[in-house]
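[1] Return atomic coordinates for the entry below.
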Amino acid sequence: MAFTAEEIANINNATLEAFIDKGKVWVQNVANKPMLQAFNAAAGKFSGGKDYVSFGVKSGQGGGSLSGYTGDDQLSYYNPVGIKRAKFPWKEHFIGQQVTHTELKIDGIDIVEDDGEVSTSPMDGREDHALANLLDEKNETLGEDFAFSFDRLLHSDGSTDAKAFAGIQSIILDVPAAGMTGSLSRVANPYWRNRAATVVNGLAGGQDAITSATANGGALIEFLEKEWLLLSKYRKGSTRYKLFAGSDFIAAYRKEMRANGYYTTNGLGGKVDGSQGAVEWKQIPIEWDPTLDDIGLSKRMYVLDMGRTGLRLLYLNGKRMSKHKPARPYDRMVMYNGISTTCVLIAKQLNTSAVYDIK
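    Coordinates of the predicted model:
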């Protein structure tokens, strides 16, 4: 099979005779992924045995009520009910690359095959012409493509790929009183809902998106103050919040802070500095998530309970990031590398998390 123009250009760019910063390719398009980083830092495990992760959830009341009595009044007893089971299906994912032996030879890399095992080593004199290690760069690109696509899945609602795991938009809904999550009805179970302020929620009879304004203490600031109170209704000691927002949401929040006299210590060193420090809400950093901007949600903020009873990313035991090196076909001089993962995003409690949009 002949090389494509893109493959030839990639080889040339890695093996030019004249070079700057030899041995290094300066990556230009790898954005930070704070939400993915946070979920991975708190990720848990699950064992196989079924095609889903299941756990019990319930409301705080089981149908009984306290009643007064006197003397020999007959007393009543009840059998508490209300336990339900949430089910979240786990999914398998794979990304793989192929590299031809010819590409590696052009880059001065020798390929050694021994009983099906493939290894590589630099050829003599490789350092005279190689600009960067082509194989290393391809493997790094594979890793970034894995992270990029995983981050997109994490932000998704699961509709783009039925075989991949569904992300936060399948759990923290724009219209929280509709639909199903974890096989449980949000309509029939009011406690099984996140809080939301979105345009579509307003059209459905719920809280509309916020119109930011600097007057009267700041409309967005005042709204968030009330929401913090309402979110505390079901908050527990295990609740741990992370806040992720788009750039427009953060800009509106900053504007209201400046207009209403919220100042930082920037500039106290005797120099004029009109910038603001990092913004927080209730001493919790509001992290800019570039992915929200990329997918058209720059006016959004997610308030995610990522504690033990909130949202959590789970990986199958031993399958968090498995590497694969299949043997080459007998009639193709190529090397294969792949990465697979088996995971699921779950939520044990929804009413401590929220999604807020501004207009």
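
[2] Residue 164 and residue 91 touch, don't they?
    Yes - using CB atoms under 8 Å, residue 164 is in contact with residue 91, at 5.4 Å. Every residue, glycine included, has its C-beta placed from N, CA and C.

[3] got the end-to-end distance for stretch 203-216?
    Taking CA to CA, to the nearest Å, the first and last residues of stretch 203-216 lie 26 Å apart.

[4] List of residues touching that stretch?
    By CB atoms under 8 Å, 6 or more residues apart in numbering, the list of residues contacting stretch 203-216 from outside reads 175-178, 195-199, 201-202, 218-220, 222-223, 252-253, 255-256, 259-260, 299, 356-359.

[5] Could you report the separation of the closest residue to residue 245 other than its chain neighbours from residue 251?
    When the adjacent residues along the chain are set aside, residue 245 lies closest to residue 301, with 3.9 Å between them (CB to CB, 6 or more residues apart in numbering). Applying CB to CB, to the nearest Å, one obtains 12 Å for the distance of residue 301 from residue 251.

[6] Neighbour count for those two, which is higher?
    Comparing residue 301 with residue 251 by neighbour count (other CB atoms under 10 Å), the higher total belongs to residue 301, at 28 against 16.

[7] Could you pull up the residues touching that one?
    Counting by CB under 8 Å, 6+ apart, residue 301 touches 243, 244, 245, 246, 249, 286, 355, 356, 357.

[8] Kindly recompute the last result at 6 Å.
    By CB atoms under 6 Å, 6 or more residues apart in numbering, the residues touching residue 301 are 245, 249, 356.

[9] Tell me the strands beside the helix or strand harbouring it, with direction?
    Residue 301 is located in strand 300-305, with elements delineated by DSSP states H and E. Sheet neighbours of strand 300-305, with direction, are listed as strand 241-245 (antiparallel), strand 354-357 (antiparallel) (DSSP bridges).

[10] all strands of the stretch 151-300 of the chain, in order?
    Under the criterion DSSP state E, counting those that start in this stretch, the stretch 151-300 of the chain contains strands at 180-181, 184-185, 195-197, 241-245, 280-281, 284-288, 300-305.

[11] and for the third one, what are the contacting residues?
    Outside strand 195-197, the residues that touch it by CB under 6 Å, 6+ apart are 174, 176, 207, 209, 210, 354, 355, 356.

[12] Could you pull out the buried residues of it?
    195, 196, 197 (16 or more other CB atoms under 10 Å).

[13] Any stretches of the chain with poor pLDDT?
    Per-residue confidence for the chain (pLDDT under 70) gives these ranges: 1-5, 7-29, 60, 114-132, 263-273.

[14] I would like the residues contacting the biggest helix by length in the chain, please.
    Selection of the longest helix in the chain by residue count, based on DSSP state H, yields helix 134-154. Residues from elsewhere that reach helix 134-154 (CB under 6 Å, 6+ apart): 14, 25, 30, 33, 36, 95, 97, 99, 107, 109, 164, 167, 291, 339.

[15] make it 7 Å
    14, 25, 30, 33, 35-36, 39, 95, 97, 99, 103-104, 107, 109, 120, 164-165, 167-168, 291, 337, 339 (CB atoms under 7 Å, 6 or more residues apart in numbering).

[16] what does stretch 331-340 give?
    92-101, 118, 139, 142, 146, 321-326, 328.

[17] cutoff 10 Å now
    1, 92-105, 111, 113, 118, 120, 135, 138-139, 142-143, 145-147, 150, 319-329 (CB atoms under 10 Å, 6 or more residues apart in numbering).

[18] Among those residues, name the ones in helices.
    Counting by DSSP H, the members of those that fall within helices are 101-105, 135, 138-139, 142-143, 145-147, 150.

[19] Out of those residues, the closest to residue 50 would be?
    For the ones in helices among the contacts of stretch 331-340, the residue nearest residue 50 by CB to CB is residue 150; the value is 23.3 Å.

[20] That closest one: neighbour count?
    With neighbours defined by other CB under 10 Å, the count for residue 150 comes to 23.

[21] which of the strands of the stretch 151-300 of the chain sits most buried?
    Here the criterion is mean neighbour count by mean count of other CB atoms under 10 Å, and of the strands of the stretch 151-300 of the chain the winner is strand 300-305, at a mean of 26.

[22] how near is residue 153 to residue 345?
    The spacing between residue 153 and residue 345, counted by CB to CB, is 9 Å.

[23] just to revisit the earlier point, max pairwise distance over the contacts of strand 195-197: which two?
    Taking CB to CB as the measure, these span a maximum distance of 16.0 Å, between 176 and 210.

[24] okay, those two: which has more neighbours?
    With other CB under 10 Å as the criterion, residue 176 and residue 210 differ in neighbour count, and residue 176 comes out ahead with 25 against 22.

[25] How many neighbouring residues does the closest residue in space to that one that isn't next to it in sequence have?
    Excluding the flanking residues, the one nearest residue 176 by CB to CB, 6+ apart is residue 193, at 4.0 Å. The burial metric for residue 193, expressed as a neighbour count using other CB under 10 Å, is 21.

[26] Wait, residue 193 touches residue 187, no?
    Yes - under the criterion of CB atoms under 10 Å, residue 193 lies in contact with residue 187, with a separation of 9.3 Å.

[27] Can you check which residues contact both of these two?
    Overlap of the contact sets of residue 193 and residue 187 (by CB under 10 Å, 6+ apart) consists of 177, 178, 179.

[28] any idea which of the residues you listed is closest to residue 54?
    Taking CB to CB as the measure, residue 54 lies nearest residue 179 of the shared contacts of residue 193 and residue 187, at 19.1 Å.

[29] my read: the closest one touches residue 169, true?
    No - Residue 179 sits out of contact with residue 169 when judged by CB under 10 Å, with a separation of 11.4 Å.
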